[in-house]
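K.L.:
Have a look at this prediction, sequence included:
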Amino acid sequence: MKGPSQATKRTIASIAVGVGLLLVVLGIRASVTGRDAQNLPAQIQSINPVRSATQVQKQEKIQVDLIDGYTGVLVINKVEPPVVSLDSLPAAKPGQQVTLPLVTIFEPGNNTLSFQPTKGALIEQYNTGVNTVVVRYWKIVDGPAASRSFTWQFDVI
């Protein structure tokens, strides 16, 4: 009894390679990365640390990038640091740096909210393990009564 011919072997190998390539292409098209993987609301462009991040440092900056016309507050492990807008701070004198208060900073030009844990702040460092951040955000013209919220967690080492 004879085995399969060379032509049959080549045909089978070609089909296997074709199926393999098709599976790779389908896998790439079905993958979800970046902003879509974070499942962010349309009003939030990005968050840092990203959702479900692992090995976050105890004093890493939390930052939320909102779309134009929005502001908000951060609630970190059930603590809500006050928010100060950069444009409300006194201008630095020539040759001096602006000293930022130890609160959540709203930068109106970029529509970002950021908080950096540091000594003397309401939160000096994050807890080891799971930490939860809630951003309450609203259209500036509508005010906080029209706020929505988004919650995410990250792990601190």
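P.N.:
The structure has been received and is ready for your questions. All of these numbers come straight from a predicted model, not from anything done at the bench.

K.L.:
Now do the strands in the protein.
P.N.:
According to DSSP state E, the chain carries its strands in the segments 44-48, 53-56, 62-66, 70-76, 83-85, 104-107, 112-115, 129-139, 148-156.

K.L.:
Run me through the strand neighbours of the shortest one, direction for each.
P.N.:
Strand partners for strand 83-85, identified by DSSP bridges, are recorded as strand 104-107 (parallel).

K.L.:
Can you tell me which helix or strand of the protein has the lowest average pLDDT?
P.N.:
Scoring the helices and strands of the chain by mean pLDDT, DSSP states H and E places helix 34-38 at the bottom, with a mean of 56.

K.L.:
pLDDT (mean, whole number) over stretch 123-132?
P.N.:
Averaged across stretch 123-132, pLDDT comes to 96.

K.L.:
brain fart, stretch 138-145
P.N.:
pLDDT averaged over stretch 138-145 gives 97.

K.L.:
What's the end-to-end length of it?
P.N.:
Length of stretch 138-145, first residue to last, C-alpha to C-alpha, to the nearest Å: 8 Å.

K.L.:
picking up where we left off before, and the strands of the chain as TSV, adding distance to residue 123?
P.N.:
Backbone N, C-alpha and C define where each C-beta goes, glycine included. Output for the strands of the chain, formatted as TSV (distance: least, C-beta to C-beta, whole Å):
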stretch	distance to residue 123
strand 44-48	16
strand 53-56	13
strand 62-66	9
strand 70-76	6
strand 83-85	14
strand 104-107	10
strand 112-115	7
strand 129-139	10
strand 148-156	12
